[in-house]
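> Task: produce atomic coordinates for the following.
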Amino acid sequence: MKKVALWVLASLTVSSCTDQPTEPPATRFSGHVVFGSVNEEGNGSIDSDVMLIDGDGNLRKISSAENCYSRRPDITRDGTKIAFSSCAQQYNNIFIYQTDGTGVRNITNDSAIEEFPRWSPDGRLLAFISFRDGHRDIFLMTDETGEVEKVTQSDASYWIGCWTADNATLIYYGAAGIFSNQGDIYSYDLQNHTIQQLTTGIGTKMHTAITPDGTLIAYQRDWKLHFLSRDGSQDVRVLSAPDSLREQMWWSTQGDFLVFQAYANGRWDIYRIDRDGTGLLNLTLDSFQGYTPVLSPNDAEIAYVADTHPVPKIYLMTNKGMNKRPLSKLNQREFSPSWGN
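Reported below is the predicted structural model:
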C-alpha cells in the first residue's frame with residue numbers, strides 16, 4: 001500500500017494548461033456520461049431532463065415530464081444503472097433507469113422530498129437524502145431487494161459525501177441545521193452499523209472524497225482544502241491550493257491526484273493537485289470558467305460544466321487540461337455530469 005504523505009508546500013506556482021492541436025480520437029470518449037439538460041426555466045420553475053450519451057455521440061433522453069425538474073443523475077461505475085431525482089410523480093422522488101433501455105423504476109414514493117442519489121462503487125447500494133422523517137437524513141437502499149436503512153438519527157442536516165472503494169463505508173457530513181456554520185465529517189460502517197465522527201473544531205466541513213486505498217480523505221473546511229487521515233488522527237490544510245473550494249472532488253483510481261473546483265483571481269476553475277500537496281495545475285485558466293468536475297473511470301479525462309455563452313455546457317478535457325470540447329450538440333443549459341463505463 002502506498003504510504004500516505006500528509007504534508008503541503010506553502011508557496012507553489014500555479015501552471016495553466018494550454019490546448020494543443022490534436023487529431024480527434026476514434027471515439028469521442030470512453031464509456032457513458034449522464035447529465036441534466038434544461039428545456040425551459042422561468043417564473044421560479046425549471047423544466048429539465050436527464051440525458052445519456054455514449055462515446056460515439058449517441059444521445060438518449062431518459063426522463064421526460066412536463067414542467068418537471070429532473071436532476072442530480074448518478075451512473076454506476078460499470079455504466080449499467082442511473083439514479084436521479086425527479087418530480088415526475090408529483091413529488092420529488094428517486095428513480096432508477098437501466099442504461100440498456102429496460103425502463104424506469106420509481107424506488108421512493110413519498111410525499112417528502114427525496115433526492116441526491118449516490119451509488120456505491122459496486123452498484124449494489126444507493127444512498128440518498130430524504131425529508132420523510134422531518135429532517136434532512138441519509139438513507140441506504142439495497143437495489144436488489146429494495147430494503148431501506150436509515151443512517152442518520154439526529155435533528156441535524158446531512159449530506160452524502162463518498163463511498164470507500166470496498167463498498168463497506170459511507171463518508172458523509174452534517175451540520176447542526178440547514179443554515180448552520182458548524183458541521184463535521186462522519187463515517188458509517190455498513191457491516192457494524194456504527195458511526196464515527198472524523199473531524200472536530202468549529203467551522204463547516206463538507207464535500208468529501210476518499211482515496212481508493214481508503215487512507216486519505218480530501219474535504220472542504222471553511223472553503224479551504226484539507227487532507228484528513230482515514231481515522232481522523234491527522235488533519236492538514238493544503239496550503240498550495242486556492243482558498244475557495246466548492247462542491248464535488250474526485251481522486252484518481254490510484255489515489256495519486258485530486259481534481260476539484262475552486263475560486264481564485266475572480267473566476268471559478270478546475271484544478272488538479274498531487275496527493276502530497278504539490279503539482280497544482282489550473283486546468284481551465286485558458287478557457288471558460290469551470291464547475292463540478294468528474295473523472296472518467298479510467299482517469300484519462302474530466303467532464304465538467306463550462307461557463308459558455310449563451311448557456312453553460314458540459315465539456316470534456318484530458319486530466320492535464322488538453323483537448324477541451326463540448327460533450328453534446330444540444331443548445332440547452334447542461335449540468336451535473338456523472339461518468340460510467
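
> from here on, contacts and neighbour counts on C-alpha atoms
Fine.

> Tell me where the model's unsure across the stretch 101-250 of the chain.
By pLDDT under 70, the low-scoring segments of the stretch 101-250 of the chain are 109-110, 177-179.

> how about the strands of the stretch 151-300 of the chain, start to end?
Remark: strands of the stretch 151-300 of the chain, listed N- to C-terminal, are 157-163, 169-175, 183-189, 194-197, 205-210, 216-221, 224-229, 235-237, 244-251, 257-264, 267-274, 281-282, 290-295; assignment by DSSP state E, counting those that start in this stretch.

> would TSV of these with mean neighbour count be doable?
Output for the strands of the stretch 151-300 of the chain, formatted as TSV (neighbours: other C-alpha atoms under 10 Å):
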stretch	mean neighbour count
strand 157-163	23
strand 169-175	23
strand 183-189	21
strand 194-197	14
strand 205-210	26
strand 216-221	25
strand 224-229	23
strand 235-237	18
strand 244-251	21
strand 257-264	22
strand 267-274	21
strand 281-282	21
strand 290-295	26
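
> and the ones you listed as TSV, adding distance to Ile94?
Output for these, formatted as TSV (distance: least, C-alpha to C-alpha, whole Å):
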stretch	distance to Ile94
strand 157-163	15
strand 169-175	19
strand 183-189	22
strand 194-197	25
strand 205-210	21
strand 216-221	26
strand 224-229	31
strand 235-237	35
strand 244-251	20
strand 257-264	27
strand 267-274	29
strand 281-282	35
strand 290-295	21
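
> what sits against the nearest residue to Tyr97 once chain neighbours are set aside?
Distance criterion C-alpha to C-alpha, 6 or more residues apart in numbering; nearest residue to Tyr97, sequence neighbours excluded, is Val104 at 4.5 Å. Shown in contact with Val104 (C-alpha atoms under 8 Å, 6 or more residues apart in numbering): 95-98.

> my read: Gly31 touches Glu301, true?
No: with contact taken as C-alpha atoms under 8 Å, Gly31 and Glu301 are classed as non-touching, separated by 11.0 Å.

> what are the bridge partners for Gly174, then?
Taking DSSP bridges as the rule, Gly174 bridges to Tyr158, Asp184.

> Would you confirm that it contacts Trp159?
Yes: under the contact definition of C-alpha under 8 Å, Gly174 touches Trp159, with a separation of 6.1 Å.

> Centre of the chain to stretch 195-212, how far?
Relative to its parent chain, stretch 195-212 has a centroid offset of 16 Å by C-alpha atoms, centre = their mean, to the nearest Å.

> which residues sit against that stretch?
161-165, 171-175, 181-189, 216-222, 230-233, 246-255.

> With stretch 306-321 instead?
Contacts of stretch 306-321 from elsewhere in the structure, counted by C-alpha under 8 Å, 6+ apart, are 17-19, 272, 281, 283-284, 288-291, 295, 299-305, 323-328, 331-335, 337.
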